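S.K.: Structure, please.
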Amino acid sequence: MPSVSSRPPITFTLDLEDYAPAGTTARANGIVPRVLELLSEHAVTGTFFVVGELAEAEPALVRSIAAAGHEIALHGYRHVPLPQLDAPTFRAETARARSVLEDLAGAPVTGFRAPTFSLVPESRWAVDELTELGFAYSSSLLPARSPLYGWPGQPRHPFRWPGGLVELPCPVATIGPQLANPYLGGVYFRVLPWTAVRVGLARSRADEVLWLYCHPYDFDPDEPFVPRGDVGRLGNRLLWLNRSRMARRVARVLAGRAGRPLRERAAVVPAE
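M.R.: The predicted structure is shown next:
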């Protein structure tokens, strides 16, 4: 087994969106402080990708995250997949949301993550928009097939798009020559056996940048079960499964190997 010091670092990231089914109350404002406490207990500093609409509604929450030393990055003005937008709308909304976040964080916002990893061939235009807006990096690409959005065939390692924007792809584990799957985030991280997570880490390549992604609801076992209409019966089951163990798993996977915020890891990706 590799020594602790030789294991590649894993950066904690959280997608700060606040999905609330009809008739329910948004809960991120109560969950995020618990996540911040967990990270503080383990001396972890990460990256929070914040939806612009949520930042406008909950400015104190964003300020508290920045005050705790975490990077504030953008998760879209609205939590809408890129293929459902057009370039002019995306550009205007992204500029607006970044301005809001920079005012709240008191620091430049240089990172972007597309909702649902929806950077795919038909939304490739977003790379050019982000580059022209001055973003330094994106972590919007899932280099595998997915029931939602994925772009199989793209690199698993960090790379630069033409124009210089750094892409930090979602970590995936390969199973055979054709199948690759996320294992370090969200539903996958809660539902997969721990052995599968360990195997994924063991198969990670030295040139990958590993990061964990979570959402407020992943840490919320007390949220009343209200089925979503857009994910089906199995999807709803998975969305609520094993939330009570998320905090323990996050602490376990980051123990002795917590990486720096993504802006710092993107900054050392060499020019091509």
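
S.K.: do you know how far residue 69 is from residue 114?
M.R.: Between residue 69 and residue 114 the computed distance is 25 Å (CB to CB, to the nearest Å). Where C-beta positions appear, they are placed from N, C-alpha and C, glycine not excepted.

S.K.: So between those two, which is more surrounded?
M.R.: residue 114 (27 against 13; other CB atoms under 10 Å).

S.K.: Please name the nearest non-neighbouring residue to the more buried one.
M.R.: Counting by CB to CB, 6 or more residues apart in numbering, residue 114 lies nearest to residue 140, which is 3.6 Å off, once chain neighbours are set aside.

S.K.: quick one, phi psi at the one you found?
M.R.: Backbone torsions of residue 140, given as degrees, to the nearest 10, read phi -110, psi 0.

S.K.: right, and residue 130 touches residue 136 too?
M.R.: No - assessed by CB atoms under 8 Å, residue 130 is found out of contact with residue 136, at 9.2 Å.

S.K.: what touches both of these two?
M.R.: Contact criterion CB atoms under 8 Å, 6 or more residues apart in numbering; residues shared by residue 130 and residue 136: residue 165.

S.K.: More neighbours: those two, which one.
M.R.: residue 130 (25 against 20).

S.K.: Please enumerate the helices of this structure.
M.R.: Under the criterion DSSP state H, the chain contains helices at 28-41, 52-57, 59-67, 87-105, 125-133, 186-191, 194-203, 232-240, 246-254, 262-266.

S.K.: Any buried residues in the fourth one, and which?
M.R.: Neighbour counts using 16 or more other CB atoms under 10 Å place 90-91, 93-94, 97-98, 100-101, 104-105 of helix 87-105 among the buried residues.

S.K.: Including distance to residue 189 and pLDDT, could those residues go into CSV?
M.R.: Formatted as CSV, those follow (distance: CB to CB, whole Å; pLDDT from 0 to 100):
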residue, distance to residue 189, pLDDT
90, 29, 98
91, 33, 98
93, 29, 98
94, 28, 98
97, 27, 98
98, 28, 98
100, 29, 98
101, 26, 98
104, 28, 98
105, 26, 98
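
S.K.: What residues does residue 104 make contact with?
M.R.: 55, 59, 62-63, 66, 72.

S.K.: next one: residue 192
M.R.: residue 183.

S.K.: what's the pLDDT at it?
M.R.: Residue 192 is assigned a pLDDT of 95 by the prediction.

S.K.: Around residue 241, count how many other residues there are.
M.R.: 12.

S.K.: do the same with the one 5 residues further on
M.R.: A total of 21 residues lie near residue 246 under the criterion other CB under 10 Å.

S.K.: right, and it touches residue 216 too?
M.R.: No - counting by CB under 8 Å, residue 246 stays clear of residue 216, with 10.5 Å between them.

S.K.: Nearest residue to the residue most central in space within the chain in space, please, no chain neighbours.
M.R.: Note on the chain: the residue nearest the mean C-alpha position is residue 213, at 4.3 Å, using CA atoms, centre = their mean. Spatial nearest neighbour of residue 213, excluding adjacent residues (CB to CB, 6+ apart): residue 185 at 3.6 Å.
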